[in-house]
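> Here's a sequence, model it:
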Amino acid sequence: MATLTATPRKTAPPGILANRATRKLLTLGVLAAVLVPLAAARWANGTWPEALTVDVSEPLGKASDWIIDNRDSHPLFLHFLGHVSNVVVIAVRAVYLALLAVGWAGVTAVSALIAWRAAGIRLALGTATAFLACGLLGMWVPTMQTLALMVVAVAASVLVGVFLGLAAGLSDRMDRVLRPVLDTMQVLPAFAYLLPVVLVFGIGVPAAVLATVVYAAPPMARLTALGLRGADKEVLEAVESLGTTARQRLLTARIPLARKELLLGLNQTIMMALSMAVIASVIGAGGLGDRVYQALASVDVGAALAAGIPIVLLAVVLDRVTGAAGARLGQAPPPNARALWAYAGTAAVAVAVTGRLADRLEWPDGWVLSIAEPVNRAVEWMTGHLYSGVPVIGGTADWAGRFTTWVLDPLRDGLQWLPWWSVLLIVAALAWLIGTWRTALTAVLAMAATGVLGVWKPSLDTLSQVLAAVAVTLVIGFATGIAAARSDRFARLLRPVLDVFQTMPQFVYLIPVVALFGVGRAPAVAAAIVYALPAVVRITTQGLRQVDPAALESARSLGATGAQQLRQVQLPLARPALLLAVNQGVVLVLAVVIIGGLVGGGALGYDVVFGLAQGDLATGLVAGAAIVCLGLMLDRVTQPTERRTAKGA
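Numbers count the residues shown, from 1 in each chain. Reported below is the predicted structural model:
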């Protein structure tokens with residue numbers, strides 16, 4: 001007679017051990033009690049051991065010398081990289097000459113035409129006004145240089161991104177292979193991309209374009225793969241039932257269904273390419289970024305602002321036009337669309353031809369409005385009246401000095417005082433608490449790599465600036481996001497401000513902080529705070545607004561006040577969004593803190609700038625690699641478990 005045996009059920013740990021976080025904390029406590037005494041006995045002084053440091057400056061110097069010596073003779077350069085460089089130079093030069101040949105009137109008219117057909121008459125007028133403002137500021141030629149670089153870089157980024165996105169969207173294996181690569185590329189600061197391409201292509205336009213492509217292609221790849229994988233299954237099954245081939249299904253179903261994701265990818269690629277094209281002025285890209293860079297180097301705030309305004313205008317116009325075009329996808333075109341295109345195109349061509357016949361291709365010198373001198377006078381007035389000596393509140397220089405003395409210096413000194421092994425233990429604990437043991441291992445290895453490279457102290461200096469900036473960003477960002485989530489009027493007033501701030505390239509944020517605070521670590525931190533705030537505010541607001549209304553209604557029915565609803569319902573339920581806001585804030589802050597090396601931020605950012613300026617690629621590459629490791633560590637320590645699980649990491 002058969003007997004039934006009950007499967008033993010796993011019993012949950014009793015009491016407080018039932019909570020997973022509590023079990024992790026207890027495990028960490030036991031490990032710390034064992035490991036800390038052992039580490040303290042083995043490495044008493046706590047400084048990074050010389051035995052664990054690898055000197056890579058000599059091999060990097062030899063590799064750099066070999067590349068420089070063989071750039072004109074080795075087959076790799078002659079038959080491949082040299083051709084790539086030549087194609088980039090020819091393409092950028094051709095676009096630039098075409099823009100100059102059309103003339104300022106023609107470029108303005110054609111740009112307004114494209115904006116009109118993509119987004120409507122209001123944005124067409126805004127586009128025309130933006131290009132005219134570039135001319136009025138005396139920046140027409142640099143704007144055309146930046147635009148030519150942008151056109152080539154965006155075209156190449158879109159091609160590379162679509163190719164990678166197709167591979168990841170159509171193949172599960174390629175998706176698993178590319179996902180960690182794209183994850184890593186998206187958390188790296190833009191500065192980290194400059195040195196490798198400089199090592200291979202040297203200073204100039206090819207290096208700038210290729211660095212921009214590497215930086216801007218991942219969003220296109222991600223969103224292309226997302227669009228292909230998110231295509232309606234029923235539509236695909238219906239198309240397949242008609243006997244179509246895989247290629248026909250891709251062209252007639254998958255890609256059309258993914259149009260919105262593709263256009264969003266184009267929007268993100270354009271914005272990242274513009275940001276990188278400006279930063280790439282450090283390696284000889286020219287254009288508006290070079291004007292800003294040269295002005296910042298001489299602390300000429302007026303000249304920097306004159307070049308920075310066109311950058312912001314370009315960013316806003318490109319963002320609005322591509323965003324509006326995506327929103328209008330799927331709408332039926334007006335019945336006379338072709339006739340409107342024909343009339344508008346004829347008008348644009350007529351404007352361009354008229355300007356050429358009248359020999360008015362260049363922006364007239366008499367139409368230039370110089371703002372550098374009045375801006376510099378205003379800065380001088382601020383230096384004399386607002387920098388210091390303001391009653392009660394003190395001046396901006398006083399604020400910067402106090403922030404450096406009371407926050408940045410103690411934080412840096414405290415981190416550098418900690419034994420190296422304790423820093424690694426703290427990193428491991430934080431990463432494991434928020435993720436898995438794989439996350440902790442990745443974070444520890446990334447942080448340890450900065451010591452192995454011999455830049456442990458500069459990395460901790462950079463980390464102190466990041467932590468200080470993130471703390472201020474989160475306090476202001478969470479408070480602003482909560483206010484926006486609870487007030488529709490405040491959210492409407494805040495939206496255009498956030499839109500403008502999110503479209504500004506990173507480089508531009510340095511201009512106002514230099515005008516207000518001078519140079520140093522505090523201005524670099526201030527620029528990072530302003531740059532990261534919009535993302536933190538938006539994510540916080542969205543997370544709080546998406547809390548289940550039934551939960552809020554239940555809390556209200558129990559008599560909970562607004563503050564109690566926020567503290568006991570909204571914030572706990574919005575925890576994943578808040579963690580994502582922390583993660584994005586950390587990544588964005590790191591990107592600008594590194595650029596702060598241009599205005600006295602020091603640490604790893606200074607090493608990168610020094611390496612680029614002096615041709616010391618060994619110093620620059622080591623600092624760049626340390627930035628990569630620091631960015632990877634910070635991303636892993638702050639990345640929500642839910643987001644990582646969704647990525648499959």
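> who does the strand or helix carrying Pro219 touch, helix- and strand-wise?
Taking DSSP states H and E as the criterion, Pro219 maps to helix 205-229. For helix 205-229, the packing partners by 3 or more Cβ pairs under 8 Å, 6 or more residues apart in numbering; DSSP states H and E come out as helix 82-119, helix 140-170, helix 172-187, helix 194-201, helix 259-279. From N, CA and C alone the C-beta is placed, and that goes for glycine too.
> can you give me the strands in the chain?
Applying DSSP state E to the chain gives no strands.
> Residue nearest the middle of it, spatially speaking?
Residue closest to the average C-alpha location in the chain (Cα atoms, centre = their mean): Leu588, at 5.9 Å.
> That one contacts Ala532, correct?
Yes - Leu588 lies in contact with Ala532 (Cβ atoms under 8 Å); the separation is 3.9 Å.
> Could you list the low-pLDDT ranges of the stretch 51-200 of the chain?
186-190, 192 (pLDDT under 70).
> one more time with 90
51-89, 92, 95-151, 153-155, 157-158, 161-200 (pLDDT under 90).
> Ok, the stretch 301-450 of the chain next?
For the stretch 301-450 of the chain, the ranges with pLDDT under 90 are 301-405, 407-409, 413-450.
> Quick one: the helices in it, in order.
Secondary structure of the stretch 301-450 of the chain, counting by DSSP state H, counting those that start in this stretch: helices at 301-327, 337-357, 372-385, 396-403, 409-417, 420-434, 437-452.
> what about Leu318, distance to Val141?
Distance, Leu318 to Val141, using Cβ to Cβ, to the nearest Å: 19 Å.
> neighbour count winner among those two?
Leu318 (23 against 19; other Cβ atoms under 10 Å).
> Just give the nearest non-adjacent residue to that one, would you?
In space, and not counting its chain neighbours, Leu318 is closest to Ile270: 5.0 Å by Cβ to Cβ, 6 or more residues apart in numbering.
> Then Thr480?
Val537 (4.8 Å).
> Quick one: residues contacting that neighbour.
477, 480-481, 484, 494, 498 (Cβ atoms under 8 Å, 6 or more residues apart in numbering).
> List buried members of the residues you listed by neighbour count.
Neighbour counting by 16 or more other Cβ atoms under 10 Å classes 477, 480-481, 484, 494, 498 among these as buried.
> mind putting those residues in TSV, pLDDT and distance to Leu123 included?
Converted to TSV, these look like this (pLDDT from 0 to 100; distance: Cβ to Cβ, whole Å):
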residue	pLDDT	distance to Leu123
Gly477	91	29
Thr480	91	28
Gly481	89	28
Ala484	89	25
Leu494	87	21
Leu498	83	19
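> which of those residues lies closest to Ala551?
Nearest to Ala551, judged by Cβ to Cβ, of the buried ones among the contacts of Val537 is Gly481 at 18.7 Å.
> Looks like the closest one contacts Thr541 (just checking).
Yes - using Cβ under 8 Å, Gly481 is in contact with Thr541, at 4.5 Å.
> quick one, what contacts the residue nearest to Leu318?
Contacts of Ile270 (Cβ under 8 Å, 6+ apart): 150, 154, 216, 318-319, 322.
> can we see that at 10 Å?
Contacts for Ile270 (Cβ atoms under 10 Å, 6 or more residues apart in numbering) come out as 150, 153-154, 157-158, 216, 219-220, 314-315, 318-319, 321-322.
> Distance to His385 added to the residues you listed, as CSV?
Formatted as CSV, these follow (distance: Cβ to Cβ, whole Å):
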residue, distance to His385
Met150, 40
Ala153, 43
Val154, 44
Ser157, 46
Val158, 49
Ala216, 42
Pro219, 44
Met220, 48
Leu314, 34
Ala315, 32
Leu318, 38
Asp319, 36
Val321, 41
Thr322, 43
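> Just the buried ones out of the residues you listed, please.
150, 153-154, 157-158, 216, 219-220, 314-315, 318-319, 321-322.
> farthest-separated two in these?
Farthest pair in the buried ones among the contacts of Ile270 (Cβ to Cβ) is Met220 and Leu314. Separation: 19.2 Å.
> mind listing the helices for the stretch 451-600 of the chain?
456-486, 488-503, 510-517, 521-545, 549-557, 562-565, 571-573, 575-595.
> List the buried residues of the shortest one.
The reference is to helix 571-573. Of the residues in helix 571-573, those buried (16+ other Cβ under 10 Å) are 571, 573.
> for that helix, packing partners?
Applying 3 or more Cβ pairs under 10 Å, 6 or more residues apart in numbering; DSSP states H and E, one finds that helix 571-573 contacts helix 521-545, helix 549-557.
> hmm, back to that, what's the overlap in contacts for Gly481 and Thr541?
Counting by Cβ under 10 Å, 6+ apart, the residues touching both Gly481 and Thr541 are 491, 494, 574, 577, 581.
> can you pick the most crowded of those?
Ala581 (28 neighbours).
> quick one, what contacts it?
473-474, 477-478, 481, 532, 535-543, 574, 638, 640.
> measure the residue lying closest to Val500 once chain neighbours are set aside to Ala119 for me?
In space, Val500 comes closest to Val316 once its chain neighbours are excluded; the distance is 6.5 Å by Cβ to Cβ, 6+ apart. Applying Cβ to Cβ, the value for Val316 to Ala119 is 12 Å.
> Between those two, which has more neighbouring residues?
Ala119 (22 against 17).
> Confirm for me that that one is in contact with Thr322.
Yes - Ala119 lies in contact with Thr322 (Cβ atoms under 10 Å); the separation is 8.5 Å.
> picking that back up, include distance to Val466 when you put the contacts of Val537 into JSON lines, please.
Listed next are these as JSON lines, based on distance: Cβ to Cβ, whole Å:
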{"residue": "Gly477", "distance to Val466": "15"}
{"residue": "Thr480", "distance to Val466": "20"}
{"residue": "Gly481", "distance to Val466": "20"}
{"residue": "Ala484", "distance to Val466": "25"}
{"residue": "Leu494", "distance to Val466": "25"}
{"residue": "Leu498", "distance to Val466": "22"}
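> Spit out the contact partners of Gly284.
Gly284 touches 198, 202-208, 290, 612, counting by Cβ under 10 Å, 6+ apart.
> In PyMOL, select just the buried ones from these.
Entered in PyMOL, the line below selects the buried ones among these, by 16+ other Cβ under 10 Å:
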select buried, resi 198+202+204+205+206+207+208+290+612
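> any chance of the contacts of Gly284 in JSON lines, plus distance to Asn376?
Below are the contacts of Gly284 laid out as JSON lines (distance: Cβ to Cβ, whole Å):
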{"residue": "Val198", "distance to Asn376": "32"}
{"residue": "Gly202", "distance to Asn376": "35"}
{"residue": "Ile203", "distance to Asn376": "29"}
{"residue": "Gly204", "distance to Asn376": "31"}
{"residue": "Val205", "distance to Asn376": "31"}
{"residue": "Pro206", "distance to Asn376": "35"}
{"residue": "Ala207", "distance to Asn376": "32"}
{"residue": "Ala208", "distance to Asn376": "29"}
{"residue": "Asp290", "distance to Asn376": "19"}
{"residue": "Leu612", "distance to Asn376": "27"}
